[in-house]
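S.K.: Any chance you can model this:
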Amino acid sequence: MKTMNAGNEETSPLLSRLIFRTVQPTDVPRCHSIESSSYPPDEAASKSDLQYRQHHAASYFRCAFLIDEPGATSGDAGGYGHLLSVTGCIVGYICSTRCNSFTARSLKHHDPNGKYLAIHSVAVDEKYRKLGVGSAMLKDYWEVMERLNQGVVEGLKNKNKVRSAAMVGRGGTSGGKKSALPMEKIVLMAKKDLLAFYVRNGFAVTKVSEIVHGKEEWFELERRFSVQSLGNESKECYLIDAFVDPSEKNGRSGNPAGVVILPGPPGVDDDEQEVKQMRLVSSSESLEDMQDTEEQESPVKITARGAEWMSAVAKELNQSETAFVWPLLTDATQLHQQGQLLINGTTFSSQLMQHGDEQPSPSSPSSVYAIRYYTRTGVEVDLCGHATLASASVLLNHAQGTKGQEQLHQDEVINDRITFCAKNDVLYAELLTTCSTITSALGSSSAHASAQTANTRIAMNFPWKNVSPVQPGKDGRDAILDILSRAFFGAGAATASNPVVASEESTSAIAAKFRQFFNPKDPHLAHHVLYIGVTDGKEDLFLELTEEGFDLLRGINVNHSALCEWAGYSRGVIICCSCGVSSSELSGEKTSTTIEQPCVDFRSRFFGPKVGINEDPVTGSAHCALGPYFGSKLNKTVVVGKQESDRGGLVECTLKPEEGRVQIVGTAAMTLSGKLSVPL
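M.R.: Reported below is the predicted structural model:
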């Protein structure tokens, strides 16, 4: 990366004889001659370096051609065929390649979709220096790159308008060269004596470079394009309280989630996106034939650049989870007419898309969206119930309720139903108009019930999760009881040879709870722990306690790092118990009304320090296991759970074992909406 020998310039009549054009293969020797005479040997590019840049990044390799005949006017020689009739020579050039990070390694290769345009050389022949040639080249270079970038952005906008037609069918593209993504900025390095020259030409100094190039110190500069990227346009974003408790009178309940609505997968250009979109299996094609093709990929697979952006946005919004949603199929009717949905090698019949026992009908399709989830620490998780509920409420209710505004793909939400394609699962959501087990008994006394028009009740169809017992032993049950003891009481759990002794640092109240929870006379410590298991895929640790034991853990400052020490689960810790009281009794409220409060079947808490969530307010996905577990235990097909975090919330579960699905119903309320302007 070298930019020198172009500064301290004055204007000259010479400039009227300059024509700017792209460098051709036959121009490389002349450019190399200028390069060699302009830089020390340890900084100069080799002839093969320039040949590589001309071959792979020709659009970004431009030169200043000086016409011999006096009186000629300068102009853009992009179509330079007419130059065959004139004589002259190249007196300077600028060459660049694209990259996604400004590092020595990334500068060795050209990435056609790189977000940075990195200038390697701004070089002027020694005889023509300090005459304004360098500034003239930079002015031409900037104008051409701006037009090029604007053209890419406009092209992507036009393609987005007709994207839905390209998504239907087997997938694939119309052929031809893949379009590049727009660029964010031009970057370069310069030595100290040339900083003023580049600042005069529109660049800003950012820092001393960490890249070692030769023996001298270099500084990094940049100039941002006026239109950086189609993906950098402002996007709709929302904060939604999911799984709110309608009996809470102060309105402070539920789990807040961020929702960001995108036009397509972040960091993927349209031609690539069309290849990776949802594929439909026709009735005449076998699954084996589909699995033999090379195109089989998840429709929500995105680039590393897109994943980095979503992670950064999730950190910025600072919610327990933020969901990113974009449409996959806007005319879902063909899905029901043609066959099945294929995701990660698994087919899902179109009947499942109907969310029940209805027969597929072209008149009642559901819209199809991709969805990805990130925590406040930027960690991606496979599934998040409350963020799914929040996303569905935005698309199904708030989008349709804002008429006249161009937002949220209003025309793509069909028939109050949505299909979400998550990383490894297909999820279904439906806007409900009938009362649920939770809300049927509330009447008009509840603050939430009196404002149901502002809230949204959503039924979601999630995968069924089983719970398997953890075996006894020092690496199983004993280890789990040990981390549970240290997490809540600051002491090690007892074993037959190691009785429990409360930590000296524990307060008297904690010590009393400790002695109640862990009986030192019981070597198996089973007094309040009824069941220890893990959910499918060893995702969550599952602990059922007695209700007394569950209450003993309330009001304690938890040592969350202790919960991370057992390696037998990957996501979170579910602590739960059976329950037979109303929601208001659990919250300690006293009501003078005679209206029945919703009955709660089980209580739970969810801790996820491994994914950056110390305690989750309400965890919809945990109920994929909680619902089936307590449904079997209580012999019910519909169970209601109350998650008892600081905010708390209610989740209704309808069990469908024959389908291997759990219908999770919750209420969502929008608290904030706005525009997101984090650059992609």
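
S.K.: And the longest helix that the chain contains, what's buried?
M.R.: When the chain is parsed with DSSP state H, its longest helix is helix 133-161. For helix 133-161, the neighbour count (16 or more other CB atoms under 10 Å) marks 133-138, 140-142, 144-145, 148-149, 152-153, 155-156, 159 as buried. C-beta: built from backbone N, CA, C; applies to glycine.

S.K.: Please apply the same query to stretch 634-643.
M.R.: Across stretch 634-643, burial judged by 16+ other CB under 10 Å covers 639, 640, 641, 642, 643.

S.K.: Same check on stretch 527-537?
M.R.: Buried residues in stretch 527-537, counted by 16+ other CB under 10 Å: 527, 528, 529, 532, 533, 534, 535.

S.K.: wait, residue 391 sits on residue 371?
M.R.: Yes - counting by CB atoms under 8 Å, residue 391 does reach residue 371; the two are 6.1 Å apart.

S.K.: Any chance of TSV for the buried residues of stretch 634-643, columns pLDDT, secondary structure and distance to residue 117?
M.R.: Below are these laid out as TSV (pLDDT from 0 to 100; DSSP: H, G, I helix; E, B strand; the rest coil; distance: CB to CB, whole Å):
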residue	pLDDT	secondary structure	distance to residue 117
639	95	strand	58
640	95	strand	57
641	95	strand	53
642	94	strand	55
643	94	strand	50
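
S.K.: Show me which pair in those is furthest apart.
M.R.: 639 and 643 (13.2 Å; CB to CB).

S.K.: what about the helices in the stretch 351-500 of the chain?
M.R.: Taking DSSP state H, counting those that start in this stretch as the test, the helices found in the stretch 351-500 of the chain are 385-393, 477-489.

S.K.: And the stretch 551-680 of the chain, by the same measure?
M.R.: Per DSSP H, counting those that start in this stretch, the stretch 551-680 of the chain carries helices over the ranges 560-563, 583-587, 623-634.

S.K.: Most tightly packed of those helices?
M.R.: helix 623-634 (a mean of 23; mean count of other CB atoms under 10 Å).

S.K.: packing partners for it?
M.R.: strand 455-463, strand 467-469, strand 540-545, strand 572-578, strand 602-607, strand 638-643, strand 649-656, strand 661-676 (3 or more CB pairs under 8 Å, 6 or more residues apart in numbering; DSSP states H and E).

S.K.: mean confidence for that helix?
M.R.: Mean per-residue pLDDT for helix 623-634: 96.

S.K.: Next one: the nearest residue to residue 316 once chain neighbours are set aside relative to residue 310, how far apart?
M.R.: Distance criterion CB to CB, 6 or more residues apart in numbering; nearest residue to residue 316, sequence neighbours excluded, is residue 678 at 6.0 Å. Using CB to CB, to the nearest Å, residue 678 is found at 10 Å from residue 310.

S.K.: For these two, work out which one has more neighbours and name it.
M.R.: Between residue 678 and residue 310, residue 310 has the larger neighbour count (other CB atoms under 10 Å), namely 25 against 16.

S.K.: Hmm, residue 372 and the more buried one touching each other?
M.R.: Yes - applying CB under 8 Å, one finds residue 310 in contact with residue 372, separated by 6.3 Å.

S.K.: shared neighbours, those two?
M.R.: The contact sets of residue 310 and residue 372 overlap at 324, 380 (CB atoms under 8 Å, 6 or more residues apart in numbering).

S.K.: How many neighbouring residues does residue 208 have?
M.R.: As a burial measure, residue 208 scores 11 neighbours (other CB under 10 Å).

S.K.: Tell me which residues touch it, please.
M.R.: 217, 218, 219, 220.

S.K.: Kindly state the beta-bridge partners for it.
M.R.: Listed by DSSP bridges, the beta-bridge partners for residue 208 are residue 219.

S.K.: ok, of the buried residues of stretch 634-643, which one's closest to residue 65?
M.R.: residue 643 (71.0 Å).

S.K.: For the strand or helix carrying residue 121, name the packing helices and strands.
M.R.: Under the criterion of DSSP states H and E, residue 121 resides in strand 116-124. Here strand 116-124 touches strand 2-3, helix 28-38, strand 88-99, helix 133-161, strand 185-190, going by 3+ CB pairs under 8 Å, 6+ apart.

S.K.: Out of these, which gets nearest to residue 58?
M.R.: Among the helices and strands packed on strand 116-124, strand 88-99 sits nearest to residue 58 (CB to CB), with 9.8 Å.

S.K.: Would you give the sheet partners of the closest one, along with the direction of each?
M.R.: strand 61-67 (antiparallel), strand 116-124 (antiparallel).

S.K.: Most tightly packed of those strands?
M.R.: For the strands paired with strand 88-99, the highest mean count by mean count of other CB under 10 Å goes to strand 116-124, at a mean of 25.

S.K.: What average pLDDT does that strand get?
M.R.: Rounded mean pLDDT across strand 116-124 is 95.

S.K.: doesn't residue 419 make contact with residue 367?
M.R.: Yes - assessed by CB under 8 Å, residue 367 is found in contact with residue 419 at 7.0 Å.

S.K.: report the angle between the axes of the strand holding residue 121 and helix 133-161?
M.R.: 160 degrees (axes from the mean of the first three to the mean of the last three CA atoms, to 10 degrees).

S.K.: Quick check: mean pLDDT of stretch 194-206?
M.R.: What stretch 194-206 shows for mean pLDDT is 94.

S.K.: Now do residue 192: how many residues are near it, please.
M.R.: Residue 192 - counted by other CB under 10 Å - has 12 other residues nearby.

S.K.: same thing with the one 4 residues further on?
M.R.: By other CB under 10 Å, the residues close to residue 196 number 13.

S.K.: Would you mark the buried spots in stretch 94-114?
M.R.: Within stretch 94-114, the residues scored as buried using 16+ other CB under 10 Å are 94-100, 102, 106-107, 110-111, 113-114.

S.K.: just stretch 537-548 next, same as before
M.R.: 539, 540, 541, 542, 543, 544, 545.

S.K.: That stretch: end-to-end distance?
M.R.: End-to-end distance for stretch 537-548, by CA to CA, to the nearest Å: 30 Å.

S.K.: do the same with stretch 118-135
M.R.: Counting by CA to CA, the terminal residues of stretch 118-135 are separated by 18 Å.

S.K.: quick revisit: so which of the helices of the stretch 351-500 of the chain is nearest residue 262?
M.R.: Taking CB to CB, helix 385-393 is the member of the helices of the stretch 351-500 of the chain nearest to residue 262, at 11.4 Å.

S.K.: Thanks a lot, see you next time.
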